[in-house]
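J.: I would like to see how this sequence folds:
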Amino acid sequence: MKFMTTWTFTTGKIPEAAELFLSGGGAPEPGVTLLGRWHRVDGSGGVAIFETNNLSALHKGMLKWVGLLELTTVPVLDDGETGPSLVDRFKK
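T.: Just a heads-up that it's a prediction; the model follows:
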């Protein structure tokens, strides 16, 4: 299953978050695949897409960032996964 995580920095925590990221803290936990990560050009946050069936491993990875980032993680579908549902619902 794929998950999209968006983040913004907690006020005053960018240096601490940068240190954690640069020391390898941005690597996913075993059992979680990072499909891609993008950073906002204004430096305020970003988005990452993960794939896993191990929600505990995903959760463990997010816990490293508690207090440094405001995180929102939701399950997502790609176009290929969404298309069949749209056809079933809207094609007549």
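J.: going forward, measure contacts between C-alpha atoms and count neighbours the same way
T.: OK.
J.: Which positions in the biggest helix by length in the chain come out as buried?
T.: Using DSSP state H, we find that the single longest helix of the chain is helix 79-90. Neighbour counts over helix 79-90 (16 or more other Cα atoms under 10 Å) mark no residue as buried.
J.: Quick one: end-to-end length of stretch 6-24, please.
T.: 19 Å (Cα to Cα, to the nearest Å).
J.: quick one: contacts of that stretch?
T.: If you take Cα atoms under 8 Å, 6 or more residues apart in numbering as the criterion, stretch 6-24 is touched by 26, 44-48, 65, 67-73.
J.: How about stretch 66-82?
T.: 1-10, 13-14, 16-17, 62.
J.: ok, so of the contacts of stretch 6-24, who is nearest T33?
T.: If you rank the contacts of stretch 6-24 by distance to T33 using Cα to Cα, A48 comes first, at 10.6 Å.
J.: For the nearest residue to that closest one once chain neighbours are set aside, what are phi and psi?
T.: Of all residues not flanking A48 in the chain, R37 sits nearest, at 4.1 Å (Cα to Cα, 6 or more residues apart in numbering). Main-chain torsions, R37, degrees, to the nearest 10: phi -140, psi 140.
J.: same deal with L71?
T.: phi -110, psi 140.
J.: All the strands of the chain, residue numbers only.
T.: For the chain, applying DSSP state E gives strands covering 2-9, 33-39, 45-51, 69-76.
J.: And those: which comes nearest S85?
T.: strand 69-76 (13.6 Å).
J.: Give me the helix or strand of this structure that scores worst on average pLDDT.
T.: Scoring the helices and strands of the chain by mean pLDDT, DSSP states H and E places helix 79-90 at the bottom, with a mean of 85.
J.: Give me the angle between it and strand 69-76.
T.: Between helix 79-90 and strand 69-76, the angle comes out at 60 degrees (axes from the mean of the first three to the mean of the last three Cα atoms, to 10 degrees).
J.: Dig out what A48 forms beta bridges with.
T.: Beta-bridge partners recorded for A48 (DSSP bridges): T5, R37.
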